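Asker: Show me how the following folds:
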Amino acid sequence: METIHIKDEFIKLGQAMKLAGLVESGLEAKLVIQNGLVLVNGEIDTRRGKKLVVGDVFEFEGHQVKVE
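Answerer: Here you go, the predicted structure:
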């Protein structure tokens, strides 16, 4: 499982996907999230602005990333 480190209280899902290198742009993140292709803590989440905090795990195309 990969990890990303945040220095703030939270990071939005779309930003986290870009930071982890799973998508190349905000538009790509928006599309895959809205299409239900991203899991947050094991459940589909279609909100690009979903706030992730330390300990959350998101998954796209078999890549799991934990927020630390």
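
Asker: burial count for the closest residue to residue 58 other than its chain neighbours?
Answerer: Sequence neighbours aside, residue 40 is the residue nearest to residue 58 in space, at 5.0 Å (criterion: C-beta to C-beta, 6 or more residues apart in numbering). All C-beta spots, glycine's among them, are computed from the backbone N, C-alpha and C. Residues near residue 40, counting by other C-beta atoms under 10 Å, number 18.

Asker: I'd like the distance between residue 40 and residue 67.
Answerer: Distance, residue 40 to residue 67, using C-beta to C-beta, to the nearest Å: 10 Å.

Asker: Common neighbours of these two, please.
Answerer: Both residue 40 and residue 67 are contacted by 52, 56, 57, 58, under the criterion C-beta atoms under 8 Å, 6 or more residues apart in numbering.

Asker: For these, which two are the farthest from each other?
Answerer: Using C-beta to C-beta, those reach their maximum pairwise distance at 52 and 57, which is 8.9 Å.

Asker: My guess is residue 66 contacts residue 52. True?
Answerer: No. Counting by C-beta atoms under 8 Å, residue 66 does not reach residue 52; the two are 9.7 Å apart.

Asker: who has more neighbours, the two?
Answerer: Higher neighbour count among residue 66 and residue 52: residue 52, with 23 against 16, using other C-beta under 10 Å.

Asker: Mean confidence (pLDDT) on the helix or strand harbouring residue 65, please.
Answerer: Using DSSP states H and E, residue 65 maps to strand 63-67. Mean per-residue pLDDT for strand 63-67: 98.

Asker: Convert that strand to PDB, retaining C-alpha atoms only.
Answerer: What follows is strand 63-67 as a C-alpha-only set of coordinates in PDB (Å, rounded to 0.1, in the frame of the first residue of the first chain):
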ATOM      1  CA  HIS A  63      -3.800   1.000  -6.200                       C
ATOM      2  CA  GLN A  64      -4.500   1.600  -2.500                       C
ATOM      3  CA  VAL A  65      -3.200   4.800  -0.900                       C
ATOM      4  CA  LYS A  66      -3.200   5.600   2.800                       C
ATOM      5  CA  VAL A  67      -3.300   9.200   4.100                       C
END
